[in-house]
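Asks: Fold the following.
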Amino acid sequence: MLKSNTENKSAEKVKEMFYPLLDDFCIALLYNEPDEKLLETLHEIFSYIGSERLSRFVLEYSLTSRKESDDLSGLLPIDQTVLSQYKTMLEHLSSGKFPKLDLKHLSFLEPIRLDILAQQEKLASKKVAVIKSTSTKWVDLLDAINIHLKENQDESKIEDANRPRIRIFEPYVLTEEPLDIVRIEFTKRGVAVPATETEVTKAQPEQIVQERKPEEDNRVQRSSKRLSKVEDEIPAVTLETSHFLNMDYFRNQMNETIPNFEIFDVCSTYVEDGSGAQYIKDFKNIVSDWNDSYARAILSYDTAKSEDDNLKLLDLLSGYGKSEELKEKNIPPLGEIDIEFPELNYVEFKTYIIKHLLSKILTTKWSDKLYEKFTEWIVQFEGYIINDIDVESAIGVLEVLVDISTSLESQIKDSINNKLNKAVVNSMCQDLLRIKDKIIRWINYIETFPINDLQVASRFKWCQIIKEKAETKSWTENHPVKHKLQKLLGDAHFKINYPNYKNFIDFSKDSINSQLTIISVLAIFWRILSTSSTEDNKEAIRLLEDILLDSNTEPSDAILSIRNFLKQGSIDMKLSLWNILLSFYQSSNSGDKLAVGFEECVLFLNDYLVNEYVLLDEESRLVTLSRILGFYGSSISFVVTSLASTNWILMHPIKVQTLRLFFELSLLFEINEEASYISSLATSIKSKSTKSYHHLTNTLIKTIILILASIQKSNPQILHSVIRLFHTQLGLIGICGHAGGSFLEIAQEYLKSLPNSDQDICQIIKCKYHYSISIDGVVPADHGTARLDELNKNDCKELASFVLPLNSERRKHSKQCPKHDIKLLIDEIYDVIGDPDFDSNEALGRNKATLNYFLDNTRLTKRLFQEAFHGLVRLELGEAEEDKQFNGLYYIEGLLLFSSYKLRKKNMQSRAVELESAISLFENDIICGSNRFESWFLLGQSYGYLVEDDLIWTADKLTASDRKITTANLQRKSLICYLMAINKSLDESIKDVIKPVVGNLMSLFAKEMFSAVCEPMSMHAFKVQSHPRFINRVNGALFEPVSQFPAVDKTVCLKIIQQSLQLSIKSSCREWSDYYYLAKVQRKLDKPAGLVMETMASACRSAFKNKHADNIIEPHYNLVSFALKYVKSNRLDSKDALKYLIEDPLIKLEVGEETDFIKLIIKALNKIDSSDKKNWQHKAKYRLARLMQEEYHDVKGCNRSNEKLYFVENSK
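Replies: You can find the predicted model right below:
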């Protein structure tokens, strides 16, 4: 098939077909047991193209395959033809000749044979590679070599290689052809090139200001185009102090209110260029030209990071000495290439360069780019030179590998903390494992050499110490590294510089001593930071206090060393130490120490910003100031959190002047935010970095909180004024609810104990919960705070502690219904709190049973009335373990429902279910232990309304005695509750609360009693009880729900009613109904007619003055009725009776010459009937009809009067 397809094909096409075919044949040998034909074909092909080894391999494979086979073919004998061919081949090979076979049938493979011969000849010749470098700099030479190798790589080899591992592969392995001779040509050899390379000194990682990449610049440009329209809406106004009048007023008021606070003119400072201290100028530059480096610096102390960040101090201490500032600076730079390169093969050539550069690595300073490329060479090529290198160069390779390993570990740690892609982290971990394997191999190789040179031996030991120190995860006082350093210290009479390694410290006696000191400190801190118990923190706190605070004890050498280091190093180390100390104070609940430590820390920062900070270069200043602001925001959070746990009481006083500097910076930040809405020349940080904006905003609020806590014990008037100033200013800029609402919390707590603070608390409630409560017509302002999704129990506790007492204060008397603004809030609080849990609270369960028993089984006896009117009734309820903040909630909620019922009742829309809910709430209030007068009072009214509804709407209850039992029990409960209210009214402690309502109480009680005594109830309430009693009568035993006789005589009841009404009238409650019922009671008690008539006349006069006088007919009719009855019974003279009718303001009877008393009575009744515009009354008509019939036998006149009774017109 191949032969037929190659006859008309070109040589290239034949190659394309043959080589894949041969590959497939060979692969078949690997995966399956080949048949004889395949082996024979391969033997012929390999023999034809002249490959003796492959041909021999096929024969040997054929001879051994049957023995190794698992199937039946293994039982067959060896093929003698193959064996003969194999023997013939061996004979010819022993004589140096290859057997000639008759392979004419393979002549079509002649192009293939010739191609293979050509390739073999090509391989036999030496390949010369000319690499051209653009300059004589070492970095350009390494670049040129790397580029040459990349251009000559075989793509098929790259595909076969594991791509993630390509960067650690020696690129020479992936090239198509060997490089037998390497020649270097410098294209600009004759041109003068500067002898030194551009040096890039690496700054601390946190102080690097990253340059924008081109794609980032493009992204910024695109963003600017998108925002151009928005920016155009804000004009480029030149800012002036007049734009910030609110802030200026706030500053002036603060300076006037808080003694010696003296905030500088922040408005003028912001507007005027070049004004203020250096840190002020720098802060203005930061906010006006915000970038990512400032955001990273400000958020670097974010307390929301993982616990691993608590070990930042260990990293800083263990890295002491790596800083460029502590390394030898008088190191000459690496010059240009000054050596000739012999013509060597690639491996020898690269080895030659590596050895040469290793000889320069400790004595010259390299550029970062050169060192980076050199480390790549070492990682890729170290396997080729491990057995062909001297001991000093081998130590150089080891140092490079250790440096790479240390940097890689640091990158992995940062990647984990920054939550980078897991695949990236896994790849770095695999690289680290490979590097560590190489390090172990090189250490073992170096240890095979006898090292007699002390410097070389010290260099090897120092490298191992640095490696072990970097890999150490936990430190102890007797750590092996410490012993090795102590041992090495005796031989350290010289100095070895490491100018290029990123993680190596210069070797000297001083550096060894420094490391010994740091290890001692690390051992202490590791023991502290590795545990979370507060008891173990005492040692760390003591150590940190010795380092940071002035103490009376003599400091140890370790402490003195750290103090000296802090003076020499950057501020970052000290900030980290302060951060850990303050966090330890907070975790151990040492509020007093936390306040002291924070104040000392802020004083240190104040001094640093005024003095040492000025000496830094501009770039370092801006990043350092950002880090200080980030640290200050984090540390003040510790103090505010501690304050919240101590009910906002500062455990140790902090001078308010200490906070002034950072408060002023915070005000500048807020002015800049305000300016961004006025002019496009100012840029809001919020638009650049939301997290940074929130951090700075929260810092402002927490500083304000600490200012309030610092002046909390000062003059209450000053505290009140400052709270109001702060809230007004924060509300204007819409941030009073930021920082978790901490400002609102502390303001509310302080205002509770301040007089005349209700309006301010209402403003806080508006901001926190968005409920608007007006006081004296003042409505809280909307500060744009975020609304809570829903209230929880803690929120309700806070609200109830203010709203419930406020509601009591605002009402004129205890029964007045809350206003609408408070009503909404109380309803929501009740929805969250719900009814008492009687099942889980035993005390409440017992109280409920006690109250129910009292109401169900107490009978209205004479003794009960006596004890109640003398305040001697005792209902023993246990003290319930309920939140005191909710005291009165059930009462007020019940009052709201009760008021709603009364309002609906007027409109004929009342529902009994509302009344039953109100009764349940009033009972809950009593059950919770309040024994509240108002609850008893309103319970009596509520049961009374149920009785009234039964009497009005359930007519069948008026007929039979047994049908009145339910209503009578309700009426009995109503009277019991009224009596309990009267009993409670004698409590001197609530005398002022009782006085406005005692008249109403006695009036309603008397009317309910009157209803119980008279028809249709007829003393039933004094006979019934909720549970029938088992009575043994003469005619047999039975359950009796109603006693035969009332527990109180009717006359006694009437006297109690009379006394109650007189008390009501005496208390200035001038209700016409009181006189009206009193007159009726006096008549039933058979009082003198004149007294009864005078009382009823008082009722008429009082009713006539009522605003609804047109609808009040009853007292006037009863005055006429009483006059008629008393005259007929000869208990009152007709002239005296007519006198009352003449003086009545409604009747105004005109006697004239009429002498017939009955006619005058009829005239008075007609006058009353004509006054009933709505035809609500029937008694006057009925009395007229009777008089017509009985006195004058006027049937027609009687019928005319009765017609109006039969056809009642619609009142509308």
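Asks: which residues touch the residue lying closest to Leu362 once chain neighbours are set aside?
Replies: Using Cβ to Cβ, 6 or more residues apart in numbering and skipping the chain neighbours, the partner closest in space to Leu362 is Asn497 (6.1 Å). C-beta: built from backbone N, CA, C; applies to glycine. Each residue near Asn497 by Cβ atoms under 8 Å, 6 or more residues apart in numbering is listed here: Lys327, Glu328, Ile331, Leu362, Thr363, Asp506, Phe507.
Asks: so how far is Leu370 from Asn497?
Replies: 17 Å (Cβ to Cβ, to the nearest Å).
Asks: elements contacting the strand or helix carrying Leu54?
Replies: Remark: Leu54 resides in helix 52-68, with elements defined by DSSP states H and E. Here helix 52-68 touches helix 36-48, helix 80-94, going by 3 or more Cβ pairs under 8 Å, 6 or more residues apart in numbering; DSSP states H and E.
Asks: which among the contacts of Asn497 end up buried?
Replies: Lys327, Ile331, Leu362, Asp506, Phe507 (16 or more other Cβ atoms under 10 Å).
Asks: Widest-spaced pair of those?
Replies: Spatially, the most separated pair among the buried ones among the contacts of Asn497 is Ile331 and Phe507, at 14.2 Å (Cβ to Cβ).
Asks: quick one: contacts for the residue nearest in space to the middle of the chain?
Replies: For the chain, the residue sitting closest to the mean C-alpha position, by Cα atoms, centre = their mean, is Gly740 at 7.5 Å. If you count contacts by Cβ under 8 Å, 6+ apart, Gly740 has none.
Asks: try 10 Å
Replies: Val640, Thr641, Ala644, Asn698, Ile701, Lys702 (Cβ atoms under 10 Å, 6 or more residues apart in numbering).
Asks: Name the residues of the helix holding Leu54 that are buried.
Replies: Leu54, Ser55, Arg56, Val58, Leu59, Tyr61, Ser62, Leu63, Ser65, Arg66.
Asks: Turn those residues into TSV, including distance to Ser407 and pLDDT.
Replies: Putting the buried residues of helix 52-68 into TSV (distance: Cβ to Cβ, whole Å; pLDDT from 0 to 100) gives the following:
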residue	distance to Ser407	pLDDT
Leu54	48	81
Ser55	54	80
Arg56	52	81
Val58	53	78
Leu59	56	79
Tyr61	51	78
Ser62	56	78
Leu63	57	78
Ser65	54	68
Arg66	58	61
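Asks: Most widely separated two among these?
Replies: Leu54 and Arg66 (20.5 Å).
Asks: from memory Ser626 sits against Tyr279, does it?
Replies: No: Ser626 is not in contact with Tyr279 according to Cβ atoms under 10 Å; the separation is 11.2 Å.
Asks: More neighbours: which of the two?
Replies: Ser626 (24 against 21; other Cβ atoms under 10 Å).
Asks: phi, psi of the more buried one?
Replies: phi -60, psi -40 (degrees, to the nearest 10).
Asks: Which residue, neighbours along the chain excluded, lies closest to it?
Replies: Per Cβ to Cβ, 6+ apart, closest to Ser626 is Ala297, 3.6 Å.
Asks: Quick check, pLDDT for that neighbour.
Replies: pLDDT, Ala297: 90.
Asks: other SSEs contacting the strand or helix carrying it?
Replies: Ala297 belongs to helix 292-298 when elements are defined using DSSP H and E. In this structure, helix 292-298 packs against helix 278-288, helix 618-645, helix 690-710, with contacts taken as 3 or more Cβ pairs under 10 Å, 6 or more residues apart in numbering; DSSP states H and E.
Asks: any chance of these in JSON lines, plus distance to Gln455 and mean pLDDT?
Replies: Converted to JSON lines, the helices and strands packed on helix 292-298 look like this (distance: least, Cβ to Cβ, whole Å; pLDDT from 0 to 100):
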{"stretch": "helix 278-288", "distance to Gln455": "47", "mean pLDDT": "93"}
{"stretch": "helix 618-645", "distance to Gln455": "36", "mean pLDDT": "93"}
{"stretch": "helix 690-710", "distance to Gln455": "51", "mean pLDDT": "95"}
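Asks: Could you point out which of the ones you listed sits nearest Leu921?
Replies: helix 618-645 (34.2 Å).
Asks: domains of this structure?
Replies: Per the record, the chain has its domains at 2-124, 130-156+328-505, 242-327+507-665, 828-1052, 1111-1206, by automatic domain parsing.
Asks: what's the span of the second one from first residue to last?
Replies: Using Cα to Cα, to the nearest Å, the gap from the first to the last residue of domain 130-156+328-505 comes to 40 Å.
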